[in-house]
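> sequence and predicted structure below; questions after.
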Amino acid sequence: MRRATIYDVARQAGVSHQTVTRFLNGFEGIRPATRAKVQSAIDELNYRPNGAARWLRSRQSNRIGILAHRMELSGPGRIIAGATTAARHRGFVLDIASMDGEDAESVDAALDVVMEHQIAGVFATVQTNVVLAAVAGRGLDVPISIDSGEGLASSGTNPRAHPGRIAAGHLADLGHRRVAFVNGPAVWIAAAERRAGFLEVAEARGLDVEWEYEGDWSAESGYRAAAELPEGVTAVGLANDSMAIGLIFGLAERGIRVPEDVSVIGMDDAPESRFHLPSLSTIRLDFEGEGAYLMNVLIAKIEGEDAAAVPGYSLPELVQRGSTAPPRTTN
Amino acid sequence: MSAEDRPAKVANIFDVARLASVSHQTVSRVLNDVPGVRPATRQRVEQAIKQLRYTPSPAARALVTRRTRMIGLITPGSADFGPSSIAIHFSEAAREARYSVIGVASVSADVGSVRGVVESLLRERVEAVVLITEDVAQLELVRSLEAGVPIVAVAAGQHRGPLTVSIDQYRGAREAVRHLVELGHRNIAHLAGPAASPDAIERVRGWRDELAEARLVATELSHGDWSAESGYRFGEQLAAESTTAVFVGNDQMAIGLMAALRARGLRIPEDISVVGFDDVPEAAYFVPPLTTVRQDFGALGALTMQQVLIALEEPGTVAESIPIPTRLVLRESTAPPAT
């Protein structure tokens, strides 16, 4: 996300950029109606002249505001752990604003807290559309690091769609045709993109996605999904490992065996996933590396270093274990 | 304790905006000397700033009020379930009391590094420091520093001080082991967390004392690193012919252990009973569902904040906090030993 420029203000207000400059320089000879238009454009875009931005950035501050949401979940927790450690290595401390990233008011309040302090930058693992909109709407005038997969753009595709694509590709390779997808909450960007990747490859490979379910990332929601999984589906992709663990447990209660009757693949590769019964097939995601990468990019921006020189992190990869197998031919 | 009975609240930018009847963006423009604010408006904002004795940066405000309403938080910098759960719940309790949390990860336990971590927080003018640590040496070190602000440690320990809060690891461990003893187990091994971890030390002590009370011998003790992987390694070499039950220091190691036992053809709980510690959200869906000890991290976060407030408002008061009790959650990984 880029900061609003004087040209954005001019366009929004429907005036020339010279008029905006005159306004900013305190020139009095501007008609009240024009003045009001420029003023409201500045407010809407949260435009800040560079001088003020420099003041706010305050080179002495070594504090980074961090917007934290659902840290107890494996993914966010590991991203923040990676980011926290990277910050410490560079001598930064974190101003932690915990929030409910699914609630706009809570996100706004957290941003208020962070912006009231003298901070050098903002780190946001933008996990939901709500957070993304709130951060964009603020037009923050300090460097900001947003989890958008930008650092892996060199891979040519959006890396956050990779997990879904790889999962669907794996199920297709095994010969499955009738599949299902269990997602996290749709408001989460990761959920939407994992699902989009899954559906895209499913269609390209001729898989029928016969059933979908929206969980809440918890094992319990995977367990609930299992109770409703329709007959005939031979493989299920899930947007994280916890839900996969719950689903497998629920299927066992229905007498459905994994992988003999139904294949199951998660996403995350939590450290314990390979020790489950059956050992969980999943997509390995380098959360710690992602957190460290995002933090290092932010610090590069703060310090005026080359953000492009920050080393990337590992791309998602398939980890095939015991929970996926070819469908039974008798099915 | 409510935030309302504290000394006069420090004015923030919104208070100024309200008093001057302008938006907080306008106040910000005045503070930052951004042109385009009408002189009359500017004057009104400046009047409000003066009246509320508002200063824009917490550091500058501190010079006036000596209050920054900021608390430093030192975390182990890992994503482990326990420490990160405590950090979340503490941050929430602090926010409810209208304090901000400045966090820093302690990446190493050596003296210089720990001192550096504490100093980086003091430079931010925190009013108190909360330490979540996985290392008793670090705990002692931080306590020995002349920080000049209260330090509250979240750590179990036999010698509790007024500035320590904890979950009752010792009693939690005793309850878990007692459950196994009552099922008839006589040979109960313990896979503990790292030897330096305050929580792990207390759980070992609980295991030992409960066995002693039952006149059983504490034989097999091993230390893992909290990871499922280390639980698996322990399970590969466990003396399964004599051991009938294992008390495991956390749920992650328990799942690794169960996988290793399965790989050796041993059934849980028929051949070996397993009890974990933590009650992670997935524990009910392990195969078999894990009997474990639930820790109330929400209560611990709130208690930590309470101790911070007591330390700030009534320094010198000895207010030893009582460790928060645990609860044994019985599921299907424990049974009487095979006869």
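Here it is on my side, so go on.
> all contacts plus neighbour counts: C-alpha atoms, from now on.
OK.
> residue numbers of the stretch 151-300 of chain A in contact with chain B?
A:218-220, A:242, A:245-246, A:249, A:271-272, A:275-277 (Cα under 8 Å from any Cα of the partner chain).
> from these, which land in helices?
A:219-220, A:242, A:245-246, A:249 (DSSP state H).
> dump the residues you listed to TSV, plus pLDDT.
Shown next, in TSV, are those (pLDDT from 0 to 100):
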residue	pLDDT
A:219	97
A:220	97
A:242	96
A:245	97
A:246	98
A:249	97
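> quick one: the strands in the stretch 201-339 of chain B?
Remark: strands assigned in the stretch 201-339 of chain B by DSSP state E, counting those that start in this stretch are B:221-223, B:245-248, B:273-275, B:292-294, B:327-329.
> show residues contacting the fourth one.
Which is strand B:292-294. Contact with strand B:292-294 is made by B:172-173, B:176, B:251, B:275-279, B:326-331, as judged by Cα atoms under 8 Å, 6 or more residues apart in numbering or on different chains.
> re earlier: pull out the buried residues from the residues of the stretch 151-300 of chain A next to chain B.
Neighbour counting by 16 or more other Cα atoms under 10 Å in any protein chain shown classes A:218-220, A:242, A:245-246, A:249, A:272, A:275-277 among these as buried.
> could you dump these into a markdown table and include distance to residue B:85?
Formatted as a markdown table, those follow (distance: Cα to Cα, whole Å):
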| residue | distance to residue B:85 |
| --- | --- |
| A:218 | 15 |
| A:219 | 17 |
| A:220 | 19 |
| A:242 | 17 |
| A:245 | 21 |
| A:246 | 21 |
| A:249 | 25 |
| A:272 | 18 |
| A:275 | 23 |
| A:276 | 23 |
| A:277 | 26 |
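> between those, which is closest to residue B:269?
residue A:277 (14.9 Å; Cα to Cα).
> against residue A:6, how distant is the nearest residue to that closest one once chain neighbours are set aside?
The shortest distance from residue A:277 to any non-neighbouring residue, by Cα to Cα, 6 or more residues apart in numbering or on different chains, is to residue B:287 (6.3 Å). As for residue B:287, its distance to residue A:6 is 61 Å (criterion: Cα to Cα, to the nearest Å).
> now the two most distant members of the ones in helices among the residues of the stretch 151-300 of chain A next to chain B.
A:242 and A:249 (11.0 Å).
> strands of the stretch 51-200 of chain B, residue ranges please.
Under DSSP E, counting those that start in this stretch, the stretch 51-200 of chain B gives strands at B:70-75, B:100-105, B:128-132, B:151-154, B:164-165, B:188-192.
> now the strands of the stretch 201-339 of chain B as JSON lines including mean neighbour count?
JSON lines is the format used below for these (neighbours: other Cα atoms under 10 Å in any protein chain shown):
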{"stretch": "strand B:221-223", "mean neighbour count": "17"}
{"stretch": "strand B:245-248", "mean neighbour count": "28"}
{"stretch": "strand B:273-275", "mean neighbour count": "28"}
{"stretch": "strand B:292-294", "mean neighbour count": "24"}
{"stretch": "strand B:327-329", "mean neighbour count": "18"}
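> tell me who's in contact with residue A:9.
Taking Cα under 8 Å, 6+ apart, one finds A:17, A:20, A:38, A:41-42, A:45, A:47 in contact with residue A:9.
> and the two most separated of those?
A:17 and A:45 (14.7 Å).
> before we move on, the earlier item: of the contacts of strand B:292-294, just the buried ones, PyMOL syntax please.
To isolate the buried ones among the contacts of strand B:292-294 in PyMOL, judged by 16+ other Cα under 10 Å, type:
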select buried, chain B and resi 172+173+176+251+275+276+277+278+279+326+327+328+329+330
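> just the contacts of strand B:292-294 now: which is nearest residue B:105?
Checking these one by one against residue B:105 (Cα to Cα), the nearest turns out to be residue B:278, at 22.4 Å.
> the closest one pairs with what?
Residue B:278 has these beta-bridge partners by DSSP bridges: residue B:294.
> mind checking pLDDT for residue 51?
Chain wasn't specified; assuming chain A. Predicted confidence (pLDDT) for residue A:51: 41.
> wrong one, I was asking about chain B
Reported pLDDT for residue B:51: 81.
> list the contacts for residue 287?
Going with chain A. A:75-76, A:78-79, A:82.
> my bad, chain B
Residue B:287 neighbours (Cα under 8 Å, 6+ apart): A:249, A:276-277.
> and if you look at residue A:238?
Contacts of residue A:238 (Cα under 8 Å, 6+ apart): A:181-183, A:244, A:264-267.
> hey, what's it bridged with?
residue A:182.
> so which residue is dead centre in chain A?
residue A:127 (4.0 Å; Cα atoms, centre = their mean).
> after the helix or strand that residue A:11 is a member of, which helix or strand is next? Please name it.
Under the criterion of DSSP states H and E, residue A:11 resides in helix A:6-13. Using DSSP H and E, the helix or strand that follows helix A:6-13 in sequence is helix A:17-24.
> okay, angle between that following helix and helix A:6-13 too, please.
100 degrees (axes from the mean of the first three to the mean of the last three Cα atoms, to 10 degrees).
> so is helix A:17-24 next to chain B?
Yes: residues of helix A:17-24 contacting chain B under Cα under 8 Å from any Cα: A:23-24.
> average pLDDT for whichever helix or strand comes after that helix?
Scanning forward in sequence from helix A:17-24 by DSSP H and E, the next helix or strand is helix A:32-45. For helix A:32-45, mean pLDDT rounds to 85.
> what do you get for stretch B:69-83?
85.
> gap between the two ends of it?
For stretch B:69-83, the end-to-end distance is 23 Å (Cα to Cα).
> in a markdown table, list the strands of the stretch 201-339 of chain B along with mean pLDDT and distance to residue B:168.
Shown next, in a markdown table, are the strands of the stretch 201-339 of chain B (pLDDT from 0 to 100; distance: least, Cα to Cα, whole Å):
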| stretch | mean pLDDT | distance to residue B:168 |
| --- | --- | --- |
| strand B:221-223 | 97 | 20 |
| strand B:245-248 | 98 | 16 |
| strand B:273-275 | 98 | 17 |
| strand B:292-294 | 98 | 11 |
| strand B:327-329 | 98 | 10 |
